[in-house]
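1. Here's my sequence, what's the structure:
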Amino acid sequence: MNWTTKTLATLLLLAGLGGLTNPARAQDKVSVGVFPLSSSLPYFVALERGFFKEQNIEPEMTRLMGGPANVAALMTNQIEVAAVLVTIEGLNANVKKPGVAMYIALNSQTKTWKMEQFVVRNGFPANSIADLKGAKLMSAPGPANLNTAKAILAKNGLKEGDYTIDQLDMGQHVNAMTSGSFDGGYTLEPNASMMIKAGVARSLEAGVISKYILGNESANAYAAGCAVTSDFIQKRPDVAKRFAAAWAKAIAFINTNPDEARKHLLKNTFTPDNVVDMVPMLGYVMASDMSKEQVSDLQALADFGASIGVIPEKVDAAKFLQKF
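-> Presented below is the predicted three-dimensional model:
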């Protein structure tokens, strides 16, 4: 083998080894906290339909139950993304550590796009929220959920002392209604659909944030959304941009094919087979696509969060929208 042939062989070998070890060819890992509710649907769609893979991203999922757990993980850099984070709790975290929760997308909740709602166990004499006087109630966990529930009860003429209310892990809501250990409460999807399908509870009213907190049934209650950390954006801007692109594609798929998208709730959330077709979709929107009116609705919710003390001061919610 002459010198030229040897050199060429060596170069080809090095090129081959470089292809095996070049980190640019490996999928970029992104740590994601996932609360297994129907509002995390874009994550499951992007994962199972290969949208993350198309963007050369490999999510590393950690199941985190509730807003406080996701906030803690974001604050301590245990995760780079929260698939769904209550906006009031995320904005509160931003006061403590600016930029720790930058929202790339938000989920609208209304009487049409149902998520939060008051339910009551079958047999309990209540036909409206105002009828819950004397009831033992449960609430979705987290200070934002609990204080929102109390504010809605107050709007219906019920003050603290007219009822009792305790935070309860979402995985226990259906069993609580089945056993009768609670009379009703403030719950989220898919739990509401599950207890209704099981015949153990009924919905008193959905879309309660829009109606009672924002004062307009047609307003978008952007109560939660997908948040990423500023550290993630600053240290790996290209990866963050690609993650957002996959998320946007998932939202587009959900909005265009809601029935097909619902199937991704199976095995990923608490949703059983016989309930998946009745779980409501949400009004998913990327931060970059929000209109002035939609941003105004978000600001109204942020102002409410400040008024009840969950957010310690008034904030400009638009500063925590991340547009790519």
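
2. drop to CA atoms for contacts and neighbour counts, all remaining ones
-> Will do.

3. Tell me where the chain is predicted with low confidence.
-> For the chain, applying pLDDT under 70 flags the ranges 1-25.

4. most centrally placed residue in it?
-> Val84 (2.3 Å; CA atoms, centre = their mean).

5. my read is that residue is in a strand, agree?
-> Yes - under DSSP: H, G, I helix; E, B strand; the rest coil, Val84 falls within a strand.

6. residues touching it, list them.
-> Val34, Phe35, Ser39, Ser40, Ala224, Gly225, Cys226, Ala227 (CA atoms under 8 Å, 6 or more residues apart in numbering).

7. Pick out whichever of those residues sits closest to Asp303.
-> Distances from Asp303 to the contacts of Val84, taken as CA to CA, are shortest for Ala224 (14.9 Å).

8. about what we covered before: could you redo the contacts of Val84 as TSV and give each row secondary structure?
-> Converted to TSV, those look like this (three-state DSSP):
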residue	secondary structure
Val34	strand
Phe35	coil
Ser39	helix
Ser40	helix
Ala224	strand
Gly225	strand
Cys226	strand
Ala227	strand
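
9. Restricted to buried residues, select those residues in ChimeraX.
-> Written as a ChimeraX command, the selection of buried residues from those, which uses 16 or more other CA atoms under 10 Å, is:
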select :34,35,39,40,224,225,226,227
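
10. Among the contacts of Val84, which one sits closest to Asp162?
-> Among the contacts of Val84, and counting by CA to CA, the member closest to Asp162 is Ala224, at 28.8 Å.

11. So for that closest one, what's the nearest residue that isn't a sequence neighbour?
-> Val86 (4.1 Å; CA to CA, 6 or more residues apart in numbering).

12. show me what contacts that neighbour?
-> Contacts of Val86 by CA under 8 Å, 6+ apart are Gly67, Ala144, Ala223, Ala224, Gly225.

13. how far away is it from His173?
-> 19 Å (CA to CA, to the nearest Å).

14. same question, Arg63
-> The gap separating Arg63 from His173 is 18 Å, by CA to CA.

15. who has more neighbours, these two?
-> His173 (23 against 12; other CA atoms under 10 Å).

16. Please, which helix or strand holds that one?
-> helix 173-179 (DSSP states H and E).

17. Check which element follows that helix along the chain.
-> Next in sequence after helix 173-179, counting helices and strands by DSSP H and E, comes strand 184-187.

18. List the neighbouring strands of that next one plus their orientation.
-> Sheet pairing of strand 184-187 (DSSP bridges) gives strand 117-121 (antiparallel), strand 136-139 (parallel).
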